[in-house]
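Engineer: The amino acid sequence is not available; the structure is as follows:
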C-alpha cells in the first residue's frame, strides 16, 4: 500500500502537476471516484488552509469526510511500545489506527514537530506509527519534517506562473521570535529539486534547513 | 456583492418573510440551489440553535458545510493592521479571509461582543474584517451588535402567530448577573421597526439599548 | 416513541443480531432509509470508535450528521429543575432538547459517569433529561451505566465467532489506577444474559458490577 508521507511517494512530479491542473480546471471531473468512500482527517494541531482545502478536495472527489481533533475530541494516544499505560493516555496507537482503518478508506493526519526535541521530531512518531499500524493509505497534512501537500500545490503554482523554461527559484525566510518548524521549507526544497530549475536557498544563520535535505 | 451583516441587507422584509414561510412548508424545494457549493461556518463563540439551524438550512439547500471553531481548531487571527505579529496570533485576517474565500462559496460567522470595550464592540472588528477581505458573501450568525438571522426567524413567528392586523409588540428583558450582549435586542428592534406594529420597549434602567437603534 | 438507552429496548436480540450481520454484508442496502433525515451526535466526553462507527453507520443509512462537542462548542447546560441560572450554565436542557429535536430526526448522546457520586451517576441525568424533553428518539453512545451500542456489536462478534452451540463466556477485567466506569461491563452482562450461554464474571475484589445487573 502506498502512503503520501512525503514527496518521494510521487514517482513522476511532472505528470502529478499536470493531473492537478486538469482537476483544477474541472474540479468535479472525478466526483464518482470517492462514492461510498470515507476520508478520515485527524488533527493533532491547528489548521486552516490545509483543513479547508483537503475537505474541499474530498467534496470534489465525492468522498465523505470524518474529522477529529485529537486534542479535545478523542482519547489521548500512547505512541510508545511497552509502556505501562497508567496515566492520562487512555488509548494505544495500535488500537486507534485499527479503529480508524475500519471506518475510513484513507486517513489524513496533521501532527507538528514538538520543537523541543529535534531527534524525536525527526522520527515522526505520530505519522510513522499511524503508517505502521493502519491498513489504509496515510496522507501527510503536515508533519514534524514535511508538508508534501503544500509542496505539490507550490509546484502547481510555479508551473502556472512559469514564464521561462528554466526558472530561478529562491527560497528564503526571516527568523521569528517563536520557534517555527521546517516542514514547509523541507518539502519545498525536495519539490524544487525535482524540477528543472536554478535553486537558491538564502537562510538566516542558525536557522539552516537539514543538510540531508538541501544536499549542501 | 451582498453580505448579510444586519437586517438592512433585506430590502423588502415582507417578501423575505413570505419566502421563508414557503421554504418552511417545503424545505427541500430549493435542494438543487447549493449543488457543488460550500458554506463555511466559522465560530469564535459557542452556539447551539444558530449552529444547528444554519447547518440544517444548508442541507435543505443542498449546500455542503465546512465548520471551524476558531478557538481551538484554527490559528489565532490578527485583526489589526500594521501590527508586529510576534506573539500568539499566527495568521492575519487578510490571509485567512482569502483562504476561506477560495474554498467556500458563502461564509457564516459568529463573533460576539467582548463586553469589556463598548466602542471596540460597536466596530464589529471580526465581522467587518471578514467582509472587507473576503471575496464571498458573509452571513452574520450573531456578532457584537446584531443577530439578523434570529430577527428574521422572529419576524416569521410574529407573522405566523398574527391574529390582528396591527399587533402590539412588547420587547423586554430582565438584568442578569453576568454581562450579556444586546445583539438580539438590537436586531429584534430593527426588525419590528419594519413591520406595521405598535412597538414598546420596557427596558431595565441601566441596560438600555443603543438609542441610535431604538431611535428614541 | 422508542429510545435506545439500554439493551432492554431490543425486544428480540437474536433477530437484531441477524439484521446487523445482513447490513454488515451489504452496508449500503438501506441507503435510502435516511434520505433527508439528520442524526445529531452530541458528545459530553471523548470518543473514537463509537464516534467514527456511528458516523459511518449514518453514512451507510444515507443520514446526514450534525456533530456537537458540548464541552467547547455549545453552551454549558443546566440539568436541574428550579435552579437559579445565574452562573456559568447558560442554557437549560429543556430548551436545548427542544432545539435539537427541531433540527434532528434522531439524537445520539455520549455522557459518562462523573465517578465521584455513584447515586447521581446511576440516575443518568444527562441521558434521561434528553429522553424526557426531546421529541425524537435518543440513542445511547455510552452513558454513566450503559453502552448498548458496543454490547450489540459484541453480540454480533460472539455470533460470528461461535463454534459451539452453547458457548462459555467469561467477562473479566483488571483494576486500573484511575477510576473507570462500569458502562461496558454492565451492557455486556445484560447482553449475554439474553444469549443461550454459560456466563462467568470473574471480577477483582472491590470492583464488582452492580448486583442488580449481574443478578447474583
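Structural biologist: Nice, thanks for sending it over. For clarity, every value in this text was computed on a predicted model and none was experimentally measured.
Engineer: Grab the nearest non-local neighbour of the most far-flung residue of chain A relative to its centre.
Structural biologist: The outermost residue of chain A, judged against the average C-alpha position, is residue A:86 (31.6 Å), by CA atoms, centre = their mean. Using CB to CB, 6 or more residues apart in numbering or on different chains and skipping the chain neighbours, the partner closest in space to residue A:86 is residue C:177 (4.6 Å). C-beta here means a position set from N, CA and C on the backbone, and glycine is covered the same way.
Engineer: so that neighbour touches residue A:88, yeah?
Structural biologist: No: in this structure, residue C:177 is not within contact of residue A:88 by CB atoms under 8 Å, at 10.8 Å.
Engineer: gap between the residue farthest from the centre of chain A and chain B?
Structural biologist: According to CB to the nearest CB, to the nearest Å, residue A:86 stands 27 Å off from chain B.
Engineer: Pretty sure that residue sits against residue C:175.
Structural biologist: No: with contact defined as CB under 8 Å, residue A:86 does not count as touching residue C:175 (10.7 Å).
Engineer: need the residues of chain A near chain B, please.
Structural biologist: Residues of chain A lying close to chain B by CB under 8 Å from any CB of the partner chain are A:28, A:43, A:46-49, A:51-53, A:55-56, A:59, A:69, A:71-72, A:176-178.
Engineer: Quick check: ChimeraX command selecting the buried ones in those residues.
Structural biologist: To isolate the buried ones among the residues of chain A next to chain B in ChimeraX, judged by 16 or more other CB atoms under 10 Å in any protein chain shown, type:
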select /A:43,46,47,48,49,51,52,53,55,56,59,69
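Engineer: So which of the residues of chain A next to chain B belong to helices?
Structural biologist: Counted as lying in helices by DSSP state H, out of the residues of chain A next to chain B, are A:49, A:51, A:52, A:53, A:55, A:56, A:59.
Engineer: can you narrow those residues to ones near chain C?
Structural biologist: Applying CB under 8 Å from any CB to those, one finds that nothing falls near chain C.
Engineer: Give me the domain ranges for chain A.
Structural biologist: A:7-140, A:149-214 (automatic domain parsing).
Engineer: Helices of chain A, residue ranges please.
Structural biologist: Under the criterion DSSP H, helices of chain A are mapped to A:13-25, A:49-60, A:93-103, A:118-123, A:125-133, A:148-161, A:183-193, A:211-214.
Engineer: Mean neighbour count, these: which tops it?
Structural biologist: Among those, the stretch with the highest mean neighbour count (mean count of other CB atoms under 10 Å in any protein chain shown) is helix A:183-193, at a mean of 22.
Engineer: What residues are bridge-paired with residue A:78?
Structural biologist: Beta-bridge partners recorded for residue A:78 (DSSP bridges): residue A:92.
Engineer: show me the contacts for it.
Structural biologist: Shown in contact with residue A:78 (CB atoms under 8 Å, 6 or more residues apart in numbering or on different chains): A:85, A:89, A:91, A:92, A:93.
Engineer: of all those residues, which comes closest to residue A:165?
Structural biologist: Using CB to CB, residue A:93 is the member of the contacts of residue A:78 that sits closest to residue A:165, with 46.9 Å.
Engineer: Thought residue A:127 was touching the closest one, still the case?
Structural biologist: No: in this structure residue A:93 lies outside contact range of residue A:127 using CB under 8 Å: 10.8 Å.
Engineer: Between those two, which contacts overlap?
Structural biologist: Common contact partners of residue A:93 and residue A:127 (CB under 8 Å, 6+ apart): none.
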